[in-house]
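**Student:** Based on what follows, work out the 3D shape:
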Amino acid sequence: MTASLNVALLAAGEGKRMHSALPKVLHPLAGKALAAHVLATVRGLSPRAIAVVTGFGAEAVEQALEAPDLVFVRQDPPQGTGDAVRVALTALPADGVTLVGLGDVPLVSGDALGRLASLAAEGRLALLTARVREPFGLGRIVRRSDGAVARIVEERDAADAERAIGEINTGFLAAPTALLAKWVARLTPHNAQREYYLTDIVAMAAAEGAPVAAHTVDDEASVAGVNDRAQLAALERIVQRRGAHELMVAGTSIADPERIDVRGSLACGRDVSIDVGCVFEGEVRLADGTSVGPHCVLRDVAVGAGTRIEAFCHLDSATIGANCRIGPYARLRPATSLADDVHIGNFVEVKASTLGKGSKANHLAYLGDATVGARVNYGAGSITANYDGANKHRSTIGDDVHVGSNCVLIAPIEVGAGATIGGGSTVVNAVPAHHLTVARARQVVIDEWQRPKKGEPRSSTTTTKNERERST
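**Tutor:** I've put the predicted structure just below:
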């Protein structure tokens, strides 16, 4: 690739058909902004400078895409693609080759853009074109009788014969920077939109006898722009289908490749199985033999070998060891770390806690800000009361502890190794190791009490006889 490559990325459009306050280039595709996909591709060409032209929602776009290798320039007011390139050139080196791209064409290939840059390095104006089934709304490539590119005509300015042309302009081009700057400076807004069309430089180049080359691609998806949410959804399924295919070819079992969403990166070991409706966000790693049940959400999670994640689990920023059993309906919140052979059952929530090897919380429990040892059995309905209304406090539970059902451990608290806490206890003090601790209120039985019946008036006073207490 040429060492003197500059890139001008046009990202100033509002995208009115998106009907959104969010700038079009920031709408997410597979978990990443549309413009971020294009930037990732052009970075693969190792350009020496990248200028991003912003306009609508400029501050939001600049904040979202900010990176050391980018310079942002604003187009205000918006006056078309030609004017946007003129603005970009003020922030780029004046020599070498400049590649112009669009921030709303996320699947453009690096090979195609590399070919444009190479053609431009030979002194040509290089266009990326495509032959499509439905060219409506797109600029057409008009060729001379000898097949050479003569000009590009926009849909609204095209004659009927020109609208019948199936070869379209993709919005990507490259040219020697000096020539590009000269042509852009000569643009005029003589068109239906009263804008400066970048595409008009093609006719200028052809009239001067400058060589114009077209690199034509057959993959329509690779040059598909996003103008509305329906087009965005269509591209999303294409991206997900391609990703699922790559995973399956590499050995991952996916129950239905049409019902998986990877919004980041997903790395799978051997013999991983994924059921329907699962969403993977951020960076997710599934080791050998991992299985993920239906309708789970995993975000920034690492899962050890042989672990089984049952249906409807939500796992966020957690590390899970080997041979664990999670769910169904379990939630692991950030800063959770599970050792090997841990069981987290249905309707159990774990937050900012570590559980040692072989520990279990199988039913309806909450562990927050807790350090839990190995082989702990944490009973159904039990919680760590880690928040006092102002601050969070930690609980430390030693190895081989048994916590009965419906217990409350009021942090900060330490439970010694081998201790047992009787069911229904509310524990506020340290629990000694290898002892049974019970902290319950007395059971009270009231004789001759009767449950109120529907329809009976409620008495203003209630009297009972022969009340007695029976403690158990």
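**Student:** how about the strands in the stretch 51-200 of the chain?
**Tutor:** Secondary structure of the stretch 51-200 of the chain by DSSP state E, counting those that start in this stretch: the strands cover 70-74, 97-102, 125-131, 140-143, 149-153, 167-176.
**Student:** these two touch, right, His363 and Ala380?
**Tutor:** Yes: between His363 and Ala380 there is a contact at 3.7 Å, judged by C-beta atoms under 8 Å. Yep, even glycine has a C-beta here, placed from its N, CA and C like the rest.
**Student:** Settle it for me: which of those two has more neighbours?
**Tutor:** Ala380 (19 against 15; other C-beta atoms under 10 Å).
**Student:** what about the more buried one, distance to Ala365?
**Tutor:** From Ala380 across to Ala365, the span is 6 Å (C-beta to C-beta, to the nearest Å).
**Student:** quick one: which helix or strand includes Ile50?
**Tutor:** Per DSSP states H and E, Ile50 falls inside strand 49-54.
**Student:** Does Ala94 touch Ala181 like I think?
**Tutor:** Yes: Ala94 is within contact range of Ala181, at 7.1 Å (criterion: C-beta under 8 Å).
**Student:** Comparing those two, which residue is more hemmed in?
**Tutor:** In this view Ala94 and Ala181 are compared by other C-beta under 10 Å, and Ala181 has more residues nearby, 17 against 11.
**Student:** before we move on, the earlier item: which stretch among the strands of the stretch 51-200 of the chain comes nearest Val202?
**Tutor:** Nearest of the strands of the stretch 51-200 of the chain to Val202, taken as C-beta to C-beta: strand 149-153 at 5.0 Å.
**Student:** And the contacts of the closest one?
**Tutor:** The contact list for strand 149-153 (C-beta atoms under 8 Å, 6 or more residues apart in numbering) reads 127, 139-144, 159, 162, 169, 199-200, 202-203, 206, 212-214.
**Student:** avg pLDDT for it?
**Tutor:** The average pLDDT within strand 149-153 is 91.
**Student:** which parts of it are buried?
**Tutor:** The neighbour-count check on strand 149-153 (16 or more other C-beta atoms under 10 Å) flags Val149, Ala150, Arg151, Ile152, Val153 as buried.
**Student:** Out of those, which comes closest to Asp300?
**Tutor:** The closest of the buried residues of strand 149-153, once distances to Asp300 are taken by C-beta to C-beta, is Ile152, at 44.3 Å.
**Student:** Excluding chain neighbours, give the residue nearest to that closest one in space.
**Tutor:** Thr199 (3.9 Å; C-beta to C-beta, 6 or more residues apart in numbering).
**Student:** That neighbour: how many residues sit nearby?
**Tutor:** With other C-beta under 10 Å as criterion, Thr199 counts 23.
**Student:** Could you list the low-pLDDT ranges of the stretch 1-150 of the chain?
**Tutor:** The stretch 1-150 of the chain contains residues with pLDDT under 70 at 1-3.
**Student:** ranges for the helices of it?
**Tutor:** Counting by DSSP state H, counting those that start in this stretch, the stretch 1-150 of the chain has helices at residues 34-43, 58-65, 81-89, 110-121.
**Student:** Next, the angle strand 167-176 makes with the longest one.
**Tutor:** It stands for helix 110-121. Comparing the axes of helix 110-121 and strand 167-176 via axes from the mean of the first three to the mean of the last three C-alpha atoms, to 10 degrees yields an angle of 50 degrees.
**Student:** Give me the distance from whichever strand or helix holds Ala267 to the chain's centre.
**Tutor:** Counting by DSSP H and E, the element that carries Ala267 is strand 260-268. Taking C-alpha atoms, centre = their mean, to the nearest Å, one finds strand 260-268 lying 9 Å from the centre of the chain it belongs to.
**Student:** That strand - contacts with which helices or strands?
**Tutor:** Contacts defined by 3 or more C-beta pairs under 8 Å, 6 or more residues apart in numbering; DSSP states H and E place strand 260-268 against helix 229-249, strand 278-286.
**Student:** got those as a markdown table, with mean pLDDT and mean neighbour count columns?
**Tutor:** What follows is these, written out as a markdown table (pLDDT from 0 to 100; neighbours: other C-beta atoms under 10 Å):
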| stretch | mean pLDDT | mean neighbour count |
| --- | --- | --- |
| helix 229-249 | 97 | 15 |
| strand 278-286 | 98 | 20 |
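**Student:** Would you mind giving those as JSON lines with distance to Thr41 added?
**Tutor:** Output for the helices and strands packed on strand 260-268, formatted as JSON lines (distance: least, C-beta to C-beta, whole Å):
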{"stretch": "helix 229-249", "distance to Thr41": "13"}
{"stretch": "strand 278-286", "distance to Thr41": "20"}
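**Student:** The ones you listed: which one's closest to Val444?
**Tutor:** Comparing the helices and strands packed on strand 260-268 by C-beta to C-beta, strand 278-286 comes nearest, at 49.8 Å.
**Student:** and the closest one, which strands flank it?
**Tutor:** Strand 278-286 sits in its sheet next to strand 260-268 (parallel), strand 297-299 (parallel), strand 302-303 (parallel), going by DSSP bridges.
**Student:** so which of those is the most packed in?
**Tutor:** Compared across the strands paired with strand 278-286, strand 302-303 shows the largest average neighbour count, a mean of 22 (mean count of other C-beta atoms under 10 Å).
**Student:** Please state the offset of that strand from the chain centre?
**Tutor:** Taking C-alpha atoms, centre = their mean, one finds strand 302-303 lying 18 Å from the centre of the chain it belongs to.
**Student:** who touches it?
**Tutor:** Residues contacting strand 302-303 (C-beta under 8 Å, 6+ apart): Val284, Arg285, Leu286, Ala287, Thr290, Ile309, Ala318, Thr319, Ile320, Cys324.
**Student:** make it 6 Å
**Tutor:** For strand 302-303, contacts defined as C-beta atoms under 6 Å, 6 or more residues apart in numbering pick out Arg285, Leu286, Thr290, Thr319, Ile320.
**Student:** No further questions, thank you.
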